[in-house]
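Colleague: Got a sequence here, can you model it:
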Amino acid sequence: MLPFIFSLALSNQGKIPSQNGKQLLYFGVLFVVTFIVYSIGEFIIKLRRKKKSVSFYNAMLVSCVVTVFAVLGLYLYQNNIANVKDIALHHVQKYQRSKTDKKSRQDNTSRRSIARMVMRNAAKGLKKQGFVAIPSRNILLPIYNDAYSDLGLNAGADYANRSEADPEGQQKPIMGQGNYGLAGHNFNDGHTGFSALQKSANHDAPYVNHGRLEGSSWLNGQTILLANQKGIYQYIISGQTTVPATQVSVLNPQKTAQLTIISCLFPSTEYRIITHAKLHKTYTWALAPDKYVSEFNLKTRDTNARVNWWNPGVEEGANGDKGGTN
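Modeller: The predicted model follows:
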């Protein structure tokens, strides 16, 4: 029973529209639009042959050609053909990061205020544990206490603690100690939730290769920051592995302080991407480096928990209620 609960409730991705279904839909729309545009083009060409004034028909023909390219571009982007989506997202996120960093440097919000925003309980029915930030991936999510419900997962990230050793999740995880498990949605958009932890949107590689489950080192050495009322915990990513959705042993207790992040793989949603990180250093709010404290300034930095087609609501960052200050 536990594997089933873990598979269904941890990410609820079975309820999110199938990516294969989306591909078929885009292909169908592309085919229909192309056929319609071709038919209109043929009709226009015939009319042009009969009319002396062809400016109107030229405009119509150009519009049809533009429509075809627009639909084709959308298809390429949504399905990340030739890594079009990855490339576009990289440049957009790089620009957003630069802009937000500049704004944060100019802001004078106190550390005490930032700590209060981090621990503000903004979701009814849930208990706040803190925040997670992965600067290199533009990830900033609140951490709540229920990875096994829609309510918890739709609010952001949640600690996940139902393992082989603790099937009921009786032991509450503690940041900076043991195996701290986190779970969050992957919306396959390269941005929302933990989507940015997948190397390439809508591509199973490198996590599944010819039916074999493999890992990836593409994020190795990158920093993950956890924050709660006590301070900031710096973890360093040591690798990614791929497991079936039913494998809960990744959450088993460990003596060494480490972080385990669980998110879905797309399009093969029966698997999970496990991002592993080791605790590097712990800071109090007073002694933490400015750059780390700045990562949790919700007055200047956007959070990325919600996507309108799935879980619309108010973000906790600068793109929402600014940590309750807006």
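
Colleague: which residues in the chain form helices?
Modeller: 2-9, 19-50, 55-78, 84-105, 111-119, 150-155, 290-294 (DSSP state H).

Colleague: How far away from the center of its chain is the last one?
Modeller: When you say that, I think you mean helix 290-294. Using C-alpha atoms, centre = their mean, to the nearest Å, the distance from the centre of helix 290-294 to the centre of the chain it belongs to is 22 Å.

Colleague: could we number from 40 for the rest of this?
Modeller: Yep, numbering from 40; the last one is helix 329-333 now.

Colleague: Can you name every helix or strand that that helix contacts?
Modeller: helix 123-144, strand 270-283 (3 or more C-beta pairs under 8 Å, 6 or more residues apart in numbering; DSSP states H and E). The way it works is simple: take the backbone N, C-alpha and C, and place the C-beta from them, glycine included.

Colleague: Compare the mean pLDDT across these and name the weakest.
Modeller: Of all these, the minimum mean pLDDT falls on helix 123-144 (a mean of 94).

Colleague: which of the residues in it are buried?
Modeller: Val123, Lys124, Leu128, Gln132, Thr139, Asp140, Ser143 (16 or more other C-beta atoms under 10 Å).

Colleague: Then stretch 256-275?
Modeller: Buried residues in stretch 256-275 (16+ other C-beta under 10 Å): 258, 262-267, 269-275.

Colleague: got a list of contacts for stretch 183-197?
Modeller: 44, 48-51, 161-162, 164-168, 171, 180-182, 198-199, 201, 208, 220-224, 232-233, 342, 344-345, 349-350, 352, 355 (C-beta atoms under 8 Å, 6 or more residues apart in numbering).

Colleague: In ChimeraX, select just the buried ones from the residues you listed.
Modeller: Applying 16+ other C-beta under 10 Å to those leaves a buried subset, and the ChimeraX line that selects it is:
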select :48,49,50,51,161,162,165,167,168,171,180,181,182,198,199,201,208,220,221,222,223,224,232,233,342,344,345,349,350,355
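
Colleague: And the lowest mean pLDDT element among the helices and strands of this structure?
Modeller: Of the helices and strands making up the chain, the lowest-confidence element is helix 41-48, at a mean of 40, by mean pLDDT, DSSP states H and E.

Colleague: list the contacts for the closest residue to Ile182 other than its chain neighbours?
Modeller: Nearest residue to Ile182 in three dimensions, chain neighbours excluded: Gln168, at 4.3 Å (C-beta to C-beta, 6 or more residues apart in numbering). Contacts for Gln168 (C-beta under 8 Å, 6+ apart) come out as Ile182, Tyr183, Asn184, Tyr198, Met214, Asn267.

Colleague: burial of the fifth one, as a residue count?
Modeller: Right, Met214. 23 (other C-beta atoms under 10 Å).

Colleague: so what pLDDT did it get?
Modeller: Taking Met214 on its own, its pLDDT is 98.

Colleague: Ok, the third one next?
Modeller: pLDDT recorded at Asn184 is 96.

Colleague: Tell me if I'm right that Gly215 and Lys320 touch.
Modeller: No. The pair Gly215 and Lys320 fails to qualify as a contact (C-beta atoms under 8 Å) at a distance of 9.7 Å.

Colleague: Distance to Asp228 added to the contacts of Gln168, as JSON lines?
Modeller: As requested, these are exported to JSON lines (distance: C-beta to C-beta, whole Å):
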{"residue": "Ile182", "distance to Asp228": "21"}
{"residue": "Tyr183", "distance to Asp228": "21"}
{"residue": "Asn184", "distance to Asp228": "25"}
{"residue": "Tyr198", "distance to Asp228": "24"}
{"residue": "Met214", "distance to Asp228": "28"}
{"residue": "Asn267", "distance to Asp228": "28"}
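
Colleague: quick one: which of the residues you listed sit in strands?
Modeller: Secondary structure from DSSP state E places Ile182, Tyr183, Tyr198 of the contacts of Gln168 in strands.

Colleague: Adding distance to Lys338, write the residues you listed out as JSON lines.
Modeller: Shown next, in JSON lines, are the ones in strands among the contacts of Gln168 (distance: C-beta to C-beta, whole Å):
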{"residue": "Ile182", "distance to Lys338": "19"}
{"residue": "Tyr183", "distance to Lys338": "21"}
{"residue": "Tyr198", "distance to Lys338": "25"}
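
Colleague: just these now: which is nearest Arg150?
Modeller: Ile182 (19.2 Å; C-beta to C-beta).
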